[in-house]
Structure formats: C-alpha cells, structure tokens
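>>> here is my input; please provide its structure:
(2 chains)
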Amino acid sequence: MAARKGKRTVSADENATRPLAEIARLARVTSDGVIPNSVRILRRGARDIGATTFAMFYTGRGAASARLVHCFDEQFPRTSRVSSVIAETGSQALSRHAATSALPALWLPGGAGAVPASLFLTMLPAAIPGSPGIAFPVSAESGHSGLFVFTGENIGGDKDAILALHKLCYEIFAAVSELKSGSASSASAISKRELECLKLTAAGRTSEDIARILKLSVHTANQYLTTVSGKLDAVNRMQAVAKAIRQGLID
Amino acid sequence: MAGATSPIAVVSGGQKRPMARGMGRADSRGLNSHASNETSRFGDDAGNEWSTPFLDTIHSAVTREVLSRALREICLSVGADQFCLADLSRSHAELPPQILSSNWPFDAIDLIGTPTIELMHQSQYATPLGEQPRLFVPAMPGSGSRVVDVRVTARLIEFGHCNMFLLKLKAGPRHGVCVLSSAAPGQIDTALLDRVHLACNYLMSRHAEISFCADNPSLSDRERECLLWVSEGKTTQETALILGVSSNTVNKYIVSSIQKLNAANRAMAIAVAIRAGII
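Predicted coordinates for the structure are as follows:
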C-alpha cells in the first residue's frame, strides 16, 4: 500500500486519460489527410498572430484528474519538443482552464496578471516555461473537448485575429474529432435504458426512485446499473457515473 | 524575464482607452515589423472590422447587467431585434433551463416557454461553434413546424421572430443557446455572426465564472482527494488506506463535501464535482 500511496496521482490519471489517448491515436492513424491538411491551415493561422509553434490536445472532463492528451502539432507525424513540454508542465493549468472556460487564455513566461482579462482574452495564473503562448478551448458535437495551443516569442494580435483563429480551431476540431467517432466502441453498446438509469443516479436518485420514475422494478433498475457498470469497466456505480460524465455519455 | 514585464505595463496602460488592445504581449517588435501596426489600426477606423466598444471594455465580472448590455450591443451590431441567452446545463434534471438574459417581453417568455428554447436548441437549425450559423424562419412551411408545434410557431411569428439564428454555446461544463431574432427578413448581418457566436460563448463562460464562485463553496484538498478516489471506484476502506487516515475520517470528508455540493448522496456529489471541474 505504501508504494501505491506514492504513485497515487499517476494511476488515477492513467485511468482518466486512457480512452482519450486511444482516441488521439486513432485520429492520427485514420487521419486520411485531415490532420496534414489541418497542420497546413494552422501554420497559416499561427503566422497571423506571430506564433511559431502550435499543437492540438484532447482534454478530459474533470479539471484536476484529466490531462492534456497530445493529438498533433506542427511537426506531425512526429511530436515536437515544445508540445511535450506543454503537455508535461502546463497540463494542470491548461486542462483546468479548458474544463471551466471557453475564453482564449494567454500566458507569459515572466509571470501573469499584468494584463487585465478582457472578454476576448483571459490570463492564465500559472506560467509555462519558455515562450509566451495562447490556448484556445474548443468542443465538438461529439461531446469531446480539446485545446489548441500556440506559442512564439512575438505572439500578439487584435480582437479580430483572436476571433478568426478561435473559429478556425473550432472548425479543425470538428473535423478531427469526427475521425474517431466511427470507432467509439463503449458508448454504442450501452442501451438507452441503462443510460437513463445512470443519468438518474448522477442526479442523486436511489434505485427505488429510479424504479418508480422509469416504472421498473427495483431489481431491474439495479440490473441495468450493474450491466452498465460492467460495460464501462467500472467497479461500482459511483465509478460508472464518473466515467460516463468524463467520457461525455451523459451531460 | 525582466524584459517581459515592462512592455506589458504599456499594454495595460493602453487598455484604459475604450478599445482593448489585443493580446498583451506588447513586446510586438516582431508583430509591428511583419504585421505593420495591426493592433493600432484595429477598431479606430471601424472599416469592415467588428467594432464593439462595450464588449471591448469588459474586464471585470460579467454580471446580469453587463450581460444584458453586452447582448444589446451585439444585437445592435448585427441588426437583430431580440435576443435570448439560455443556460441549458442543469445539475438537477427537473430544473427548467435558465434564461440568463433576454429582451423578450415578459409574456413572450411565458407563452413561448423555455421548453421551446430547448427544442430549438436540439433542432437541425441550431449551429454548433465553428459552423456558419443557419437561418431559421418559423413561418416557412415545413420549417417551423418541424421544430415546434403549430401553436408555438404562431406565437413566435406573433412576437416578431421572423428570422432566427440559434447559436449553440459550450463553455467548460456548461452548454446553452443564444437566440437572435429580427422582425424583418434579411435584417441580420450574417457576415458577423460567426464572431458574434464566439462572443456570446465568451459571455456565457465569463458569466458562469462568477455564478459558479458564488454558489459553489470550494472543497478542501482532502475532501477533493476523497471524492476523486471514490469516483475511481474505491471503497471507503480503500480510500482510507490510500490516504493513510481512518475510514471514519474519510466518511467525514465525504459527508462534508456532499453537503458543500448540495448533493443528495455520493453518486450525485461525484457528478456535481466532475461537472463543476472540481475533480
């Protein structure tokens, strides 16, 4: 147990990010020109704001437990050094921002806070070593969310440049996250009834409540929750609820 | 590092003017050289660019008043007459959608109803971020009736929703919709709508920041840790072992976090905490 205690954050993170890592991998493998094309478009977009590097990450639902999962960057199909540094040192600040806000977020290596947040830009409290950068949170209809990160010594631009680039990021994310939606395995296997039970559990309902609301017997409601826990590879309904929300199966 | 702080001071000084200047990294020698003074050109001569004096000065908390003023400005800039911004994410399934800001007449909200807004949000006319917004004309045969029933369609027309744009919003754990309508056809400037869409999303996001701070007391590190482990499927005893405390202590932390999150039980506390980005 002592060894366990030492590595506890690591094991929790691996659990939380495994499906996203798989999604990112599948997106790269099945890219079929979508990612190379996105890289070309983003290269132009990055130039508009004076950025020299860019990267796309998937982000999980929970802020503290989820991490950035690298999908591609300007050196596709390789991984650039900048994006691995960002994924390592900036993941806490960046994934927390992505989980709570939709605003572009700027960070400066010398420490933040000097520039007041505006409607079109917010400052990240924690700095990431290296050059300044800007992160654009994005989301797609599939329920996945992500983050586009641009860095560069001379990064800068006006409101229109920010809005134009953020829109571009949304468009690209929609295209990239569509790549993997055909291979979403666990979600498709879960029945509508099981999902309803899970939703009600997440809303604080007991099995008895669920049985009454869905006009089932208590045993059936429990049975649904047991099977859905199994399908989500969860040991109990608490973990099943957590996994379902993090994977975007329920709101 | 030392060099990075002084140019920022220049920017924050510059932001006293009504037009907020871009992105802070004012050490823009590189920017100035290759993009020829782009920041200072922005906003002053308007031109084709989207000029929004009030939105540009929002640096503080987005309260309801700020929200409604900002949306009025957005309406003015694109030529819309009516707006309605609704937050459709709810922690409790039975709660109705929350209208954050709207200039619809009171009886319009009452007669058209929040379920209609939710139906429109689910329809094919609602546009996710990144797509060019689609026009929704309730009066068009086979258009309005496919989204809402005839009675509600008639109400929409009656209250001056001739052309409508349904902009889907998503910010962190929250999702919602911004409905912009005009009384006359072709009145809304579609070229600006993609930027308006993003701006509305930013507004909902900034508004959520303060409302979240206000009604969610923060959990202590220990409470958060306990909830995280329970959400990973650990039992109380296992969590106690992992954290090196007694199971009574773990239970105490979990009970207090359930109370702080205003949840009914553990499963709901976990759901609320994940949605709020706490764990």
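
>>> B:Ile109: neighbour count?
Burial of B:Ile109 is recorded as 17 neighbouring residues (other C-beta atoms under 10 Å in any protein chain shown). For every residue, glycine as well, the C-beta is placed using N, CA and C.

>>> may I ask you to confirm that it is in contact with B:Ile99?
Yes - here B:Ile109 lies in contact with B:Ile99, judged by C-beta atoms under 8 Å, at a distance of 6.7 Å.

>>> so what sits against both of those two?
With C-beta atoms under 8 Å, 6 or more residues apart in numbering or on different chains applied, the overlap between the contact sets of B:Ile109 and B:Ile99 consists of B:Cys84.

>>> look up the closest residue to A:Gly157, ignoring the ones flanking it.
Excluding the flanking residues, the one nearest A:Gly157 by C-beta to C-beta, 6 or more residues apart in numbering or on different chains is A:Ile49, at 4.1 Å.

>>> repeat that for A:Arg205.
A:Ile213 (7.1 Å).

>>> B:Val137 and chain A: what is the separation?
Counting by C-beta to the nearest C-beta, to the nearest Å, the gap from B:Val137 to chain A is 23 Å.

>>> coming back round to it: ok, the residue nearest to A:Gly157 - contacts?
A:Ile49 touches A:134, A:150, A:152, A:155-157, A:161-162, A:165, B:23, counting by C-beta under 8 Å, 6+ apart.

>>> pLDDT score for it?
For A:Ile49, the pLDDT comes out at 89.

>>> now do the one 5 residues further on
pLDDT, the model's per-residue confidence, is 93 for A:Phe54.

>>> run through the bridge partners of it.
A:Phe150 (DSSP bridges).

>>> need the pLDDT of the most centrally placed residue in chain A.
Residue closest to the mean C-alpha point of chain A, counted by C-alpha atoms, centre = their mean, is A:Thr59 at 1.6 Å. Note for A:Thr59: predicted pLDDT of 83.

>>> from what I see, it and A:Thr100 are in contact.
No - judged on C-beta under 8 Å, A:Thr59 makes no contact with A:Thr100 at a distance of 10.8 Å.

>>> neighbours around the residue nearest to A:Arg205, how many?
15.

>>> pLDDT weak spots in chain B?
Across chain B, residues meeting the criterion (pLDDT under 70) sit at B:1-49, B:90-95, B:143-145, B:211-217.

>>> which parts of it are strands?
B:82-87, B:98-102, B:135-136, B:163-171, B:174-182 (DSSP state E).

>>> and the ones you listed as JSON lines, adding mean neighbour count?
Output for these, formatted as JSON lines (neighbours: other C-beta atoms under 10 Å in any protein chain shown):
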{"stretch": "strand B:82-87", "mean neighbour count": "22"}
{"stretch": "strand B:98-102", "mean neighbour count": "18"}
{"stretch": "strand B:135-136", "mean neighbour count": "20"}
{"stretch": "strand B:163-171", "mean neighbour count": "24"}
{"stretch": "strand B:174-182", "mean neighbour count": "23"}
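
>>> okay if I get the ones you listed as TSV plus distance to B:Leu156?
Shown next, in TSV, are these (distance: least, C-beta to C-beta, whole Å):
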stretch	distance to B:Leu156
strand B:82-87	11
strand B:98-102	14
strand B:135-136	10
strand B:163-171	8
strand B:174-182	8
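
>>> residues touching the closest residue to chain A within the stretch 51-200 of chain B, list them.
Closest residue of the stretch 51-200 of chain B to chain A, C-beta to the nearest C-beta: B:Gly130 (2.8 Å). B:Gly130 makes contact with A:138, A:167, A:169-171, A:173-174, according to C-beta under 8 Å, 6+ apart.

>>> among those, which lie within strands?
Going by DSSP E, the strands hold A:Val138 from the contacts of B:Gly130.

>>> any figure for the gap between the residue nearest the centre of chain B and chain A?
In chain B, the residue lying closest to the centroid (C-alpha atoms, centre = their mean) is B:Met204, at 2.2 Å. Noted for B:Met204: a distance of 7 Å to chain A, by C-beta to the nearest C-beta.

>>> could you name the helices and strands sitting against the lengthiest helix in chain B?
When chain B is scanned for its longest helix (criterion: DSSP state H), the result is helix B:193-215. Helices and strands touching helix B:193-215, by 3 or more C-beta pairs under 8 Å, 6 or more residues apart in numbering or on different chains; DSSP states H and E, are helix A:91-100, helix A:159-181, helix B:64-78, strand B:82-87, strand B:163-171, strand B:174-182.

>>> at 6 Å what do you get?
Contacts defined by 3 or more C-beta pairs under 6 Å, 6 or more residues apart in numbering or on different chains; DSSP states H and E place helix B:193-215 against helix A:159-181, helix B:64-78, strand B:163-171, strand B:174-182.

>>> ok, residues contacting it?
Residues outside helix B:193-215 that contact it (C-beta atoms under 6 Å, 6 or more residues apart in numbering or on different chains) are A:101-103, A:119, A:163, A:166-167, B:50, B:61-62, B:67, B:70, B:74, B:78, B:133, B:167, B:169, B:171, B:174, B:176, B:178.

>>> how about low-confidence regions in the stretch 151-251 of chain A?
A:180-188.

>>> could you pull out the helices for it?
All helices of the stretch 151-251 of chain A, identified by DSSP state H, counting those that start in this stretch, fall at A:159-181, A:185-189, A:192-202, A:207-213, A:218-231, A:237-246.
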